[in-house]
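I'd like to go over a predicted model; first the sequence, then the structure.
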Amino acid sequence: MRTSIVVPILMGSFFGPCFLGSCIDGQGAAPPAGAENITPLPSDEGAGDDNVEADPSSGSADLSSSEPFRSTASTATISTTQPLSLALAPALARAIASPLGTGVSVKWLAAGELCSTSGMIDGQAQHFSVTDDETRAVAASNGDGQAAVVKFTYNGPTTRQQLLADGTPRMQIGVKLRSQDTCNSIYIMWHLVPDTKIWVQVKNNPGQTTHKQCSDRGYSTYRSSIPWPASVKPIVRGEQRIMAAQLAANGELQVIIDGILAWKGSLPMNKIQFKGPAGVRTDNAQFSFDFGIPTAPLISCNQVTAAAKD
């Protein structure tokens, strides 16, 4: 479980050689040698399956008690004029132009097409913003949920900060794949605190669908098979970034940040029997963002949330 307290501000074809733009600016798929590997966060639960480690992620929302989507005309939009390093700008521009790779059309969701399941998401046109300490949402889509992209600007920490059960702070933004419900989902999260890397977790609780049933159990954390690229800089306030993730049928997952391959690994698809739409998640940080998925038929938010109930 998580505790809610007020704390001080903590911060001032698939998979080809050019998957998700990984060949941008002549960069190959392999990051620089010697870069730091991902290490697991503290956990107050037991070990996960195989060679992965369990990690109680911030409490997931119960879709059976989802909050309504709110649309407002005062939503902050993503800035395209914030400063970026000269080395990053060309790659970012190309990543934005084709975030899911050549030949993959992206549907940027509009208000009413992104369904809030926890917290409040303000939306206008194709732009969203969040200020709550915990937000969860899924696409109003009956697609396979195998890929998603989030283009965002960090606007500062939230007033209220939620801690993990062991007291660990976490600020993050990321995407959910195959998000069947709060008990069964794949999370690809980019941390601001306590580290600045990508974390990939599978929450798997067969036969359970509500937060009351599964709480923060069932998490397994998977490590990248490549080192973290030094060219991927941490998230800073006011800069636009873009992160895309795509899962192949064989379980190979790749995560591209600003056109650079940042995470690559395999997930055990024989143990991931759940299916659902792609979505977005934030914790303890305010963001303006756009959210996109591969072009797929859309359904209503009522249908999405109804499917997640017991």
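Structure's in. What do you need?

burial count for the residue nearest to Ala285 when sequence neighbours are not counted?
Spatial nearest neighbour of Ala285, excluding adjacent residues (CB to CB, 6 or more residues apart in numbering): Met171 at 4.5 Å. Backbone N, C-alpha and C define where each C-beta goes, glycine included. By the measure other CB atoms under 10 Å, the count of residues near Met171 is 24.

Pro206 too?
Pro206, neighbours per other CB under 10 Å, totals 10.

and if you look at Glu252?
Residues near Glu252, counting by other CB under 10 Å, number 17.

Touching, it and Trp263? I think so.
No - Glu252 lies out of contact with Trp263 (CB atoms under 8 Å); the separation is 11.3 Å.

and the residue nearest to Ala285, what does it touch?
Leu10, Met11, Pro157, Gln161, His191, Leu192, Val193, Asp283, Asn284, Ala285 (CB atoms under 8 Å, 6 or more residues apart in numbering).

repeat that for 10 Å
Each residue near Met171 by CB atoms under 10 Å, 6 or more residues apart in numbering is listed here: 10-11, 58, 133, 154, 157-158, 161-162, 190-194, 235, 282-286.

same thing with Glu113?
For Glu113, the contact set (CB under 10 Å, 6+ apart) comprises 69, 107, 123, 126, 139-141, 291, 293, 298-301.

Next: Thr295.
Leu100, Val104, Ser105, Val106, Lys107, Ser141, Gly143.

Bridge partners for the residue nearest to Ala285, pull those for me.
Listed by DSSP bridges, the beta-bridge partners for Met171 are Val193.

Out of the helices and strands in the protein, which is least certain?
In the chain, no helix or strand scores lower on mean pLDDT, DSSP states H and E than strand 70-71, which sits at a mean of 29.

mind listing the strands for the stretch 51-200 of the chain?
70-71, 106-108, 114-118, 121-124, 127-130, 134-139, 147-157, 161-163, 171-181, 184-193, 198-203 (DSSP state E, counting those that start in this stretch).

now those in CSV, with distance to Arg223?
Shown next, in CSV, are the strands of the stretch 51-200 of the chain (distance: least, CB to CB, whole Å):
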stretch, distance to Arg223
strand 70-71, 38
strand 106-108, 28
strand 114-118, 27
strand 121-124, 31
strand 127-130, 28
strand 134-139, 24
strand 147-157, 21
strand 161-163, 24
strand 171-181, 16
strand 184-193, 13
strand 198-203, 8
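
what's the closest of these to Lys212?
strand 171-181 (11.9 Å; CB to CB).

Could you figure out how far that closest one is turned away from strand 134-139?
Between the axes of strand 171-181 and strand 134-139, defined by axes from the mean of the first three to the mean of the last three CA atoms, to 10 degrees, the angle is 50 degrees.

just the helices in this protein please.
88-97, 211-214, 301-307 (DSSP state H).

List the buried residues of the second one.
Neighbour-count burial for helix 211-214, with 16 or more other CB atoms under 10 Å as criterion, is recorded at His211, Cys214.

Summarise which helices and strands it is packed against.
Packing contacts for helix 211-214, counted by 3 or more CB pairs under 10 Å, 6 or more residues apart in numbering; DSSP states H and E, involve strand 171-181.

relative to strand 198-203, how tilted is the strand it packs on?
Following the same axes, to 10 degrees, one obtains 30 degrees for the angle between strand 171-181 and strand 198-203.

what's the closest of the strands of the stretch 51-200 of the chain to Pro277?
Nearest to Pro277 among the strands of the stretch 51-200 of the chain is strand 134-139; the distance by CB to CB comes to 4.6 Å.

What pairs with that closest one, parallel or antiparallel?
Counting by DSSP bridges, strand 134-139 is paired with strand 114-118 (antiparallel), strand 279-283 (antiparallel).

Give the buried residues for the first one.
In other words, strand 114-118. Going by neighbour count (16+ other CB under 10 Å), the buried part of strand 114-118 is Leu114, Cys115, Ser116, Thr117, Ser118.

Now do the first one, the pLDDT please.
Just to be clear, that refers to Leu114. Leu114 is assigned 94 on the pLDDT scale.

OK, contacts around it?
69, 121, 123, 126, 128, 137-141, 277, 279-280, 289-291, 293, 301, 304.

Which members of the contacts of Glu113 are classed as buried?
Buried residues within the contacts of Glu113, counting neighbours by 16+ other CB under 10 Å: Phe69, Lys107, Gly123, Gln126, Ala139, Ala140, Ser141, Phe291, Ile293, Leu298, Ile299, Cys301.
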